[in-house]
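Undergrad: Any chance you could fold what I've pasted below:
(2 chains)
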Amino acid sequence: MTNLFNIGDHVRVGDALPPGHIRTPMFLRGCKGTIIKHFGSFPNPERLAYGLSGLPKINLYQVLFEMDEAWNGNGDYEDRDTITADIYETWLEAI
Amino acid sequence: MSSHSKDHDHGHDHTAFQKDITEPKEDWEFLEIAIRELLIEKNVLSAREIQDEIEAWEKKNPEKGAEIIARSWVDDDFKNRLLSDGNKAVAELGFTVESLKLVALENTYEIHHMVVCTLCSCYPRTLLGVPPLWYKSREYRSRAVREPRAVLREFGTAIPESVEIRVVDSTADCRYLVIPKRPANTEKMSEGELVKLITRDSMIGTAEALDQHGKRS
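TA: Residues are numbered from 1 along each chain as shown, chains lettered A, B, ... in the order given. Predicted coordinates:
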């Protein structure tokens, strides 16, 4: 399926709190990041968890975040340090 | 159809949790026991088959991962193939990572990758075996992303301030394998000798590979 985002695109992670089997870590919800990889498309884990097919597949990206986006200085890291997470397209919006 | 008698004398044994394992407390522990007992009761699996599977997983070790890394150290073309398509590259060595995407990450003098799964315990098990207990602990999972430098110091791993630490949260369908830096003065070592320098932790990114003498650097 066609990917909505390309490498280098700036995105924001959704900050919704839906119940269920969610693969988007809480600490990154609402954070701004950059797409660094498109892994292809995979069955939707939020549906698979309930015995459904997970189809249509959804795109999965590796998103790069500055540490400060998540922790705002409250951690043990250098400014140059980063976090990546693998986020499904349904959780990302362009900024 | 036979009915369950009140004194519970029907023909299966409730041995589903082993006496030497702590009494279950958490919901997920009861859930696991319930599912396991049902599978046994309905003859889908036997207790022995479940135990055999657990033992088969416990026998897996990080050796396969180390072989992959050693090959990538001696063969740049292989390393490039490993970085661009992990599953395809490890298949060349006879290894398979079923239904998951294997992603290799190269540690260099500019960037140090360290892998965590903050949501559960995703780990390249077919290549590295069962993850260590600390990898699954709430402490590692919550601290690795927030205080990576403190966590690395506790592992005895000194990463200079000038190097970017990139914490890679394995949240979905990818499994990550870190390619540690090849230690200095190992140019003359054979692939077989190099394998011994590649530890489990160096492939998670909480440590570097051992030095040319097989000691922690």
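
Undergrad: from what I can see residue B:73 touches residue B:194, true?
TA: Yes - Residue B:73 is within contact range of residue B:194, at 5.8 Å (criterion: Cβ atoms under 8 Å). C-beta here means a position set from N, CA and C on the backbone, and glycine is covered the same way.

Undergrad: Return every residue with contacts to both of those two.
TA: B:182, B:186 (Cβ atoms under 8 Å, 6 or more residues apart in numbering or on different chains).

Undergrad: ranges for the strands of chain B?
TA: B:101-106, B:111-116, B:164-169, B:174-179 (DSSP state E).

Undergrad: cool, chain A as well?
TA: Counting by DSSP E, one finds strands in chain A at the ranges A:10-13, A:32-42, A:58-66, A:82-88, A:92-94.

Undergrad: I'm curious whether the second one, anywhere along its length, sits up against chain B.
TA: Yes - for strand A:32-42 and chain B, the contact criterion (Cβ under 8 Å from any Cβ of the partner chain) is met by A:39, A:40, A:42.

Undergrad: What is the neighbour count of the first one?
TA: What that stands for is residue A:39. When counting by other Cβ atoms under 10 Å in any protein chain shown, one arrives at 16 neighbours for residue A:39.

Undergrad: before we move on, what about residue B:202?
TA: By other Cβ under 10 Å, 24 other residues sit near residue B:202.

Undergrad: residue contacts, it?
TA: B:69, B:178, B:180, B:208, B:209, B:210.

Undergrad: what residues does chain B put near chain A?
TA: With the criterion set to Cβ under 8 Å from any Cβ, chain B comes near chain A through B:101, B:103, B:118-119, B:145-150, B:161, B:164-174.

Undergrad: So which elements touch the biggest helix by length in chain B?
TA: The helix that spans the most residues within chain B, counting by DSSP state H, is helix B:27-41. Packing partners of helix B:27-41 (3 or more Cβ pairs under 8 Å, 6 or more residues apart in numbering or on different chains; DSSP states H and E): helix B:47-59.

Undergrad: Going by neighbour count, list what's buried in stretch B:132-144.
TA: Neighbour-count burial for stretch B:132-144 flags B:132, B:135, B:140, B:141, B:143, B:144 (criterion: 16 or more other Cβ atoms under 10 Å in any protein chain shown).

Undergrad: need these in JSON lines with pLDDT, can you?
TA: Formatted as JSON lines, the buried residues of stretch B:132-144 follow (pLDDT from 0 to 100):
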{"residue": "B:132", "pLDDT": "94"}
{"residue": "B:135", "pLDDT": "97"}
{"residue": "B:140", "pLDDT": "97"}
{"residue": "B:141", "pLDDT": "97"}
{"residue": "B:143", "pLDDT": "98"}
{"residue": "B:144", "pLDDT": "98"}
